[in-house]
Each structure stands twice: as structure tokens, then as C-alpha cells.
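**Student:** my questions concern the predicted model and sequence given below.
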Amino acid sequence: MTAIQILIDGFAISALYALGATGFTLIFGVSGVLNLSHGALMVTAAVVAWAASSELGLGSYAGAAAGIVVCTALTLATYGVVVRPIDKSRAIPPEEKEIFILTGTLLWGIMIQEFIAYLFTSNAKTVMPIVEGVVTIAGVRTPWNQVFTAVVCWAVIGLLWLLVNRTRTGKVLLAASMNPRGVTLLGFELSKIYVAIWLIYGVLAGIAGVLLGQFLGVSSYSVGPLTASAFSIVVLGGLGSVSGSLIAAYVVGYLETLTAYLVSPAYRTIPALLLLVAVMYVRPQGLLGRR
């Protein structure tokens, strides 16, 4: 395995992680929630895309669309069924709601994982690629789908940047992340803002999940490692910092790629977790975090 091959593969998987972690960071920055069902949502998108395209014969485009739609709907259900009831509960002290939400999303993710395993077994599923064929990059034959994955991820991240920085909706979301009370005083309902940010997150997680299913394939066993990678990225980058998460996504992505090639794919998440522990001791706010 050449260094060029590692660079190419690492870039694609890092772009996927960057896309997923961006949504993960957004919901924390705006609503203060660390969603531990993240991996389950991504796997759901991939498995639904696989079932729709391969089992139902709908084709790669329709399958990808189905995966994104179902993931988005399940994401909104996560907010409506798990997060919002805990946040609004008067029986839970305010200082304890964060740990209840963490526990609730974790259990919700486990339920989704077991449901996927029950319906589709735990065997790995590979989504039908949208783009087929290969291209030679620096002497290395690379699937076009891998290039397509990286391009789509960064195109979506670019569109998200435009949404947040160039539209009225995006400016409201930014304001809510900095001063929620101030936003309510201006006449905006936080509940609608939270629904909007979870909707955006669901679309991002759905796209990332479908692309991951096309690139590497997933199974119900992928839920834990995907959540662990996303958590490592957002903490390493700095909680609430999108820029930090993008940088950390490439650090984690290349660490995992090197580990998979040089050691074993079974241990790919371990170096990132060890790095996370080290960073929490040396710089607990992360690379670009302020919290």
C-alpha cells in the first residue's frame, strides 16, 4: 500500500467525517445537545439506501434519496421523542438535564441499532454507488465513487456555510448559538429554531450515512465506532467550533486510515480515542474551542 493510496483514502473518509461532525457540532452549538445516537442515524441512512436500491430495485438515486429522507425523519423523532420531553420536563432538575439527554440519546441509538439488526441482520451492507468506474490519481487507481464522495461532502459543507453566513435563517441560528435569551426577546421561538437545526443535522447525517455506505459499507456494528469518531472529532476540534471540527475530522480520518492499513481495521478508532484523552488533559477546550 503506497503513501498516495493512504492519502487518497484518508481524504475521502475525512471528508465524510467532516460532514457528519459538522451537523453534530451545529446541534451542540445551538441547542447544547451532544447526540449519542449519531452513529445509529448514519447507519439507518445507509441501510435504508441499500434496501431501497438493491432489495427493492429502485436504483442508486432513489435509494440515496430514501436513505436521506428516513434519516431526517428519524432525527426529528430523536428531538421530538427524546430530547425535547427531557428538556421541558419539570421533574428533572435543570442541572441534571444534560446527563439525562446524553443517556436518552445513547439508549435511543442502541434501540435503533438493535432494530436494524433485527430487520436486516448484522451483516455489512454496501450501498449501490451513484458513480461507477475508476480514475488514475498520481498512478493509483481510485474508484470514481470515492472522488464523488469527497466532492459531495465539501459541496454540502460549502452550501451549509452559505446558509449560515449569507441567509436570514442562518443568522438567526448563529444568534441562537450565542445568546438564546436575546433571540427570544427579538420575537423568535427557540422551539422552531431547534427544530430547524435538527432538520439540517438530519439531512447532513443522512447524506454522510449514504455516502459512507457506498464507500465502506456499514452494519449495525458500525453504530458505536461512528458515534465514537464523531464525539472524538467535536471534542478534539472544540465543542461548538465548526472550524475546529473540520480540522479534527482530518486528523481523526487520517489516524484511522493509517491504523486500518498498518495495523488492523478492527483497531481503527483506538488512536483517535487515545488522542482525545491526551487532548482533554493538555487542552480540554480542544483546538479551537472556547468552552
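**Tutor:** Done, it's in.
**Student:** just the CA atoms of whichever helix or strand G170 is part of, as PDB, please.
**Tutor:** Using DSSP states H and E, G170 sits within helix 168-178. Below are the C-alpha coordinates for helix 168-178, written out as PDB (Å, rounded to 0.1, in the frame of the first residue of the first chain):
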ATOM      1  CA  ARG A 168     -31.500  35.400   7.400                       C
ATOM      2  CA  THR A 169     -32.200  31.900   8.800                       C
ATOM      3  CA  GLY A 170     -28.500  31.200   9.200                       C
ATOM      4  CA  LYS A 171     -28.000  34.500  11.100                       C
ATOM      5  CA  VAL A 172     -30.900  33.600  13.500                       C
ATOM      6  CA  LEU A 173     -29.200  30.200  14.100                       C
ATOM      7  CA  LEU A 174     -25.900  31.900  14.800                       C
ATOM      8  CA  ALA A 175     -27.600  34.300  17.200                       C
ATOM      9  CA  ALA A 176     -29.300  31.500  19.000                       C
ATOM     10  CA  SER A 177     -26.000  29.700  19.500                       C
ATOM     11  CA  MET A 178     -24.500  32.900  21.100                       C
END
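**Student:** contact partners of the very next helix or strand once past that helix?
**Tutor:** Under the assignment DSSP H and E, the closest C-terminal helix or strand after helix 168-178 is helix 180-185. Outside helix 180-185, the residues within contact range by C-beta atoms under 8 Å, 6 or more residues apart in numbering are 172, 175-176, 190, 193. Bear in mind the C-beta positions are built from the backbone N, C-alpha and C, glycine included.
**Student:** whichever of those residues end up buried, select them in ChimeraX.
**Tutor:** Restricted to buried positions by 16 or more other C-beta atoms under 10 Å, the ChimeraX selection for these reads:
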select :172,175,176,193
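**Student:** show me which helix or strand of the protein is least confident by mean pLDDT.
**Tutor:** Within the chain, no helix or strand scores below helix 180-185, which has a mean of 75 by mean pLDDT, DSSP states H and E.
**Student:** list the buried residues in the helix holding G170.
**Tutor:** 170, 172-173, 175-177.
**Student:** nearest to C71, of the residues you listed?
**Tutor:** Among the buried residues of helix 168-178, L173 lies closest to C71 (C-beta to C-beta), at 20.2 Å.
**Student:** the closest one and A196 touch, don't they?
**Tutor:** Yes - applying C-beta atoms under 8 Å as the test, L173 and A196 come out as touching, 7.0 Å apart.
**Student:** joint contacts of those two?
**Tutor:** By C-beta under 8 Å, 6+ apart, no residue touches both L173 and A196.
**Student:** picking that back up, enumerate the positions of the least confident helix or strand of the chain that are buried.
**Tutor:** For helix 180-185, by 16+ other C-beta under 10 Å, it's 180, 183.
**Student:** after that helix, next one along is what?
**Tutor:** Following helix 180-185 in sequence, per DSSP H and E, is helix 190-215.
**Student:** for that following helix, which positions count as buried?
**Tutor:** 193-198, 200-215.
**Student:** can you tell me the closest non-neighbouring residue to T75?
**Tutor:** Distance criterion C-beta to C-beta, 6 or more residues apart in numbering; nearest residue to T75, sequence neighbours excluded, is G202 at 3.0 Å.
**Student:** which residues does that neighbour contact?
**Tutor:** 23, 41, 71-76.
**Student:** redo that, cut-off 7 Å
**Tutor:** 71-72, 75-76 (C-beta atoms under 7 Å, 6 or more residues apart in numbering).
**Student:** swap in L26?
**Tutor:** Contacts of L26 by C-beta under 7 Å, 6+ apart are 197, 200-201.
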